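A.B. asks: following is a predicted model, sequence given first.
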Amino acid sequence: MAGVPQAQALSVLVVDDHRPMLKLVDTHLRNLGFSDIDTVDDPLAAITMCRRKPYGLILSDWRMKPIDGLGLLKAVRADERLADVPFVMITAEIERENVQKAKAAGVNGYIAKPFDHAQLKAKLQAILPVGTIL
């Protein structure tokens, strides 16, 4: 399909303050065909990175410092250049109130930890254009 971004052409940013989780998500994404993946363990650095590079997808943990994933999501949505970038929370933070806060702030998807490859694939297939992930 012409004009459909393929996984290998889509830049992805993964934000999590636990390096093993960054590596795990990176591995899952590469297995789904993504190749342009940046990982960062500092949400403030992630905001700077988003302003410098046009990402097509952001995956973030919730519980981080100095700002949390919700703060990162709000910063992304407040920047008109980033407002439409698909944003997925991958987190152990599953309290209903927090899920609702994330939805109200514009999250596109929510994956509870622990998760597996199939769950990540299904969530990304639901939010990215058809044909991005084969």
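C.D. replies: Now that the structure is in, tell me what you want to look at.

A.B. asks: show me what the longest helix along the chain is packed against.
C.D. replies: Longest helix in the chain by number of residues (criterion: DSSP state H): helix 19-31. Judged by 3 or more Cβ pairs under 8 Å, 6 or more residues apart in numbering; DSSP states H and E, helix 19-31 is in contact with strand 12-15, strand 37-40, helix 117-127. For every residue, glycine as well, the C-beta is placed using N, CA and C.

A.B. asks: ok, residues contacting that helix?
C.D. replies: With contact meaning Cβ atoms under 8 Å, 6 or more residues apart in numbering, helix 19-31 is reached by 12, 14, 16, 37, 39-41, 59, 61, 90, 113, 117, 120-121.

A.B. asks: what's the angle from it to helix 117-127?
C.D. replies: Per axes from the mean of the first three to the mean of the last three Cα atoms, to 10 degrees, the angle that helix 19-31 makes with helix 117-127 is 60 degrees.

A.B. asks: thinking again about what came up before, which two of the contacts of helix 19-31 have the greatest separation?
C.D. replies: Pairwise distances among the contacts of helix 19-31 were taken by Cβ to Cβ; the largest, 24.1 Å, belongs to 41 and 121.

A.B. asks: show me where this structure has strands.
C.D. replies: All strands of the chain, identified by DSSP state E, fall at 12-15, 37-40, 57-60, 87-91, 109-112.

A.B. asks: dump those strands to CSV, plus mean neighbour count.
C.D. replies: As requested, the strands of the chain are exported to CSV (neighbours: other Cβ atoms under 10 Å):
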stretch, mean neighbour count
strand 12-15, 24
strand 37-40, 18
strand 57-60, 26
strand 87-91, 26
strand 109-112, 17
